[in-house]
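S.K.: Pasted the sequence and its predicted model underneath.
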Amino acid sequence: STLEHADLTTVAQHRRAEPPKLVGLIRGDLDWIVMKSLEKDRTRRFETVNSLATDVQRHLDNEPVVARPPSQLYRLQKLIRRNRFAFAGTTVLVLAIVAGLSVSTWLLHQEKNALLRALTAEKAQSRLQQESEAFQLLGVAAHGTHWQQVEDGAELACRKALEIFRRLYGNNHTNVAACLDQLSEILDNTYSGSFIEEQKYEENCRMLRESLAIKRKVFGNDSWVVAEAIDNLTHCLVRPNWTSLCLSKSEDKTEIEALYRDKLSITRKLSTNNSKEIFIPIQALAGELLSENKLTEAESLFREALAIWRIDNEKGWGDPLEDLAEILTHENKLTEAESLLREAALLRQKEKDDGHGGLRLASTLRHLAAVLDRKSKRL
């Protein structure tokens, strides 16, 4: 305080000492009482011996003395000394409360962690049980699905498995895609006779589109898994052309063409000099373009397919001879069309001789006859 600093300065001047050094020398109440008793200024001394004795008694009673300049810290120290047992007890009590709260908090935290671990373990156990159930259902569905025949309960088992997989993984997981593929196969094998039930057909295509989208997200677009999913979807989309239920709509044709282009692009990127891998998607896209009367691009692709086929015409590939001849016929390139059809006729004759029937040969000969007839009319 200001008063205390003034007193120390006065004493320091009398004793020819620096105030900071004097602070270290004057520590207790008795020092202050003695210094006040020795003040040269009468107004600053104790007025009577009784007042001196009273100040000494105040020191003995742990009360603030008059000789010492008061401060809040000094008063607090005196208060604590007068009530040391009460303060000690209070301190112990506070520390006990703090310790108790700390222990309680720690125990609560441990209990909470244990509860969370138990809940996590329970959820994991439940998840494993549901996964096991879903895979068992999917196995039942796969076992009960055969070509053009589906056992009772296979479709229901597959739908239950799909529901569980969606609940566990969300909608973008490979297990969901696998379940969609299996359910699509089941629906594909339950079409009645030669007619496709329209509702099942639409659902089938919808599931295969979802499966393809999942595989694109999981594996990226340039993947054989995606290429296979494209095959499944295009097979579903073109199937109405094989029945008398309906004709492919223009929007379906657009989707089919885009899928064939995507499949060919993926195959070109991933194929390691495998002629058959490239030949098949080229043929598929070229055939779709031919059905859409996009003859120029279809001709280019069929010529590429023919070049591959001539290098490695393994039995069972099929051949682009008649397809290219059909385009050339539409374009009035009849001489080249005739040459290709004669080559195809010879191939069909060999197939007939091997016991594979003569229907393809008959079709090829009719096509050749039509071309020769057009040529004769031009002449």
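M.R.: Structure received.

S.K.: so residue 168 sits in a helix?
M.R.: Yes - the assignment for residue 168 by DSSP: H, G, I helix; E, B strand; the rest coil puts it in a helix.

S.K.: wait, it sits on residue 128?
M.R.: No - applying CB atoms under 8 Å, one finds residue 168 not in contact with residue 128, separated by 10.1 Å. The C-beta positions use only the backbone N, C-alpha and C, and glycine is treated the same way.

S.K.: who has more neighbours, these two?
M.R.: Between residue 168 and residue 128, counted using other CB atoms under 10 Å, residue 168 has the larger neighbour count: 15 against 10.

S.K.: any idea how far residue 123 is from that one?
M.R.: 11 Å (CB to CB, to the nearest Å).

S.K.: residue ranges for the helices of the stretch 1-150 of the chain, please.
M.R.: Taking DSSP state H, counting those that start in this stretch as the criterion, the stretch 1-150 of the chain carries its helices at 2-15, 19-25, 29-37, 49-60, 72-82, 84-143.

S.K.: If you count contacts, what does the longest one end up packed against?
M.R.: Helix 84-143 is packed against helix 154-169, helix 174-188, with contacts defined by 3 or more CB pairs under 8 Å, 6 or more residues apart in numbering; DSSP states H and E.

S.K.: most neighbours per residue, which of those helices?
M.R.: helix 174-188 (a mean of 22; mean count of other CB atoms under 10 Å).

S.K.: In the very next helix or strand once past it, which residues are buried?
M.R.: Using DSSP states H and E, the helix or strand that follows helix 174-188 in sequence is helix 198-219. By neighbour count with 16 or more other CB atoms under 10 Å, helix 198-219 contains the buried residues 200-201, 204-205, 207-212, 214-216.

S.K.: Next secondary structure after helix 198-219?
M.R.: helix 224-238.

S.K.: That next one vs helix 174-188, what angle?
M.R.: Orientation of helix 224-238 against helix 174-188 (axes from the mean of the first three to the mean of the last three CA atoms, to 10 degrees) gives an angle of 30 degrees.

S.K.: after helix 224-238 comes which helix or strand?
M.R.: Using DSSP H and E, the helix or strand that follows helix 224-238 in sequence is helix 250-270.

S.K.: So what's the gap between that next one and the chain middle?
M.R.: How far helix 250-270 lies from its chain's middle: 27 Å, per CA atoms, centre = their mean, to the nearest Å.

S.K.: Packing partners of that helix?
M.R.: By 3+ CB pairs under 8 Å, 6+ apart, helix 250-270 packs against helix 224-238, helix 275-291.

S.K.: The shortest one packs against which elements?
M.R.: Same thing as helix 224-238. Using 3+ CB pairs under 8 Å, 6+ apart: helix 224-238 touches helix 174-188, helix 198-219, helix 250-270.

S.K.: can you redo those as JSON lines with distance to residue 155?
M.R.: Converted to JSON lines, the helices and strands packed on helix 224-238 look like this (distance: least, CB to CB, whole Å):
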{"stretch": "helix 174-188", "distance to residue 155": "5"}
{"stretch": "helix 198-219", "distance to residue 155": "10"}
{"stretch": "helix 250-270", "distance to residue 155": "25"}
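
S.K.: residues near residue 323, how many?
M.R.: 22.

S.K.: ok, now how distant is it from residue 223?
M.R.: For residue 323 relative to residue 223 (CB to CB), the value is 29 Å.

S.K.: Residue 371 now?
M.R.: 43 Å.

S.K.: who has more neighbours, those two?
M.R.: Using other CB under 10 Å, the more surrounded residue of residue 371 and residue 223 is residue 371, with 23 against 16.

S.K.: re the thing from before, mind checking the helices and strands packed on helix 224-238 for the one nearest to residue 35?
M.R.: Among the helices and strands packed on helix 224-238, the nearest to residue 35 by CB to CB is helix 198-219 (89.3 Å).

S.K.: State the mean pLDDT of that closest one.
M.R.: Mean per-residue pLDDT for helix 198-219: 90.

S.K.: one step back: return the most buried member of the helices of the stretch 1-150 of the chain.
M.R.: It is helix 29-37: most buried of the helices of the stretch 1-150 of the chain by mean count of other CB under 10 Å, with a mean of 18.

S.K.: which helices and strands does that one pack with?
M.R.: helix 49-60.

S.K.: what's the angle from the helix it packs on to helix 72-82?
M.R.: 70 degrees.

S.K.: So what touches helix 49-60?
M.R.: Outside of helix 49-60, the residues within contact range by CB atoms under 8 Å, 6 or more residues apart in numbering are 29, 30, 33, 36, 37, 46, 64, 65, 66, 67.
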